[in-house]
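S.K.: Quick one, structure for this:
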Amino acid sequence: MGDSSATLSGFTCFPRLPTELRLKIWRHALPGGRIVHLIHPLLWVHHAPPIVPPTILAVNLESRSVALKNYTIIRQSRLKSNESRRLAYNTKKDIVYFFPITHSWPPLFRFQWAASQDARLAAEFLEIESKKIIRRLAIDDFALHFKWFPDSSEYCNLEELIIVVGNEAKYHALGGEFEERVLRFGEEVMQVAGWGDAMAQNAAMKILMLHGLDKTGLVVKLVRGFQTVVKDDGFCVPITKWSLHKR
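M.R.: Numbering: from 1, shown residues only. Predicted coordinates for the structure are as follows:
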């Protein structure tokens, strides 16, 4: 008999479980919806994106094969460089957010033009094939003032456009703790306190119609309560290059 006071540090019987049961466990371990941040490539060195690949991709070959059935890779490249950033993206759950890095700066140094340019340039460096697979996209409301919007010819599978309202906006992707308003094509957006600039939003809806996105079934939402804080996978510990080393 083993020492009853010993602490269980691992489930060593897992590899001997029936294959169907193991696969079911891996599927259950898939993370929920995430926000995949894209920033201007020139800021990669100083601002790593606050998102990590799902841990299940790095556990073993079996877990990876399950994960790859649910995730695809989107790529963002540097100009005149072979360097690119690969991000795992679940088309059914995840939201791609063209994140204005200036939101992480002190309030004194934030200004609308810089925030809108961050988002525009982050989008420009996203590879064309990656744009085609994005279904849920978030942009900051600052972008509305500078006429940057997704084009239906590039984002041909876009189903939902989320306009993040406010500098301090936060959103809980897993908990759904946020407020939203759905904007409808052909209907005037009324000014409501705390929900951004209605004039800019009306102009945005007209531009989206000119781009043909009103005919694709696109849902446009204003959201406040947009959380950019990373949450770890619900079932797996974070994997780092050091934790993969043999001990």
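
S.K.: for the protein, which spans come out with low pLDDT?
M.R.: Counting by pLDDT under 70, the chain shows low-confidence ranges at 1-10, 40-51, 78-84, 99-121, 146-147, 166-178, 225-247.

S.K.: in it, which spans are helices?
M.R.: 19-28, 61-68, 112-124, 128-133, 198-210 (DSSP state H).

S.K.: what would those helices look like in TSV with mean neighbour count and distance to K221?
M.R.: From N, CA and C alone the C-beta is placed, and that goes for glycine too. Output for the helices of the chain, formatted as TSV (neighbours: other C-beta atoms under 10 Å; distance: least, C-beta to C-beta, whole Å):
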stretch	mean neighbour count	distance to K221
helix 19-28	13	29
helix 61-68	16	28
helix 112-124	19	17
helix 128-133	15	20
helix 198-210	17	11
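
S.K.: Of all the ones you listed, which one is nearest V219?
M.R.: Taking C-beta to C-beta, helix 198-210 is the member of the helices of the chain nearest to V219, at 11.3 Å.

S.K.: Name the surrounding residues that touch that closest one.
M.R.: Here helix 198-210 makes contact (C-beta atoms under 8 Å, 6 or more residues apart in numbering) with 141, 144-145, 147, 149, 161, 163, 183, 185, 188-192, 214, 218, 220, 222.

S.K.: All the strands of the protein, in order from the start?
M.R.: Taking DSSP state E to define them, one finds strands in the chain at 35-38, 72-77, 84-89, 95-98, 136-140, 160-164, 179-183, 219-224.

S.K.: Alright, I will stop here.
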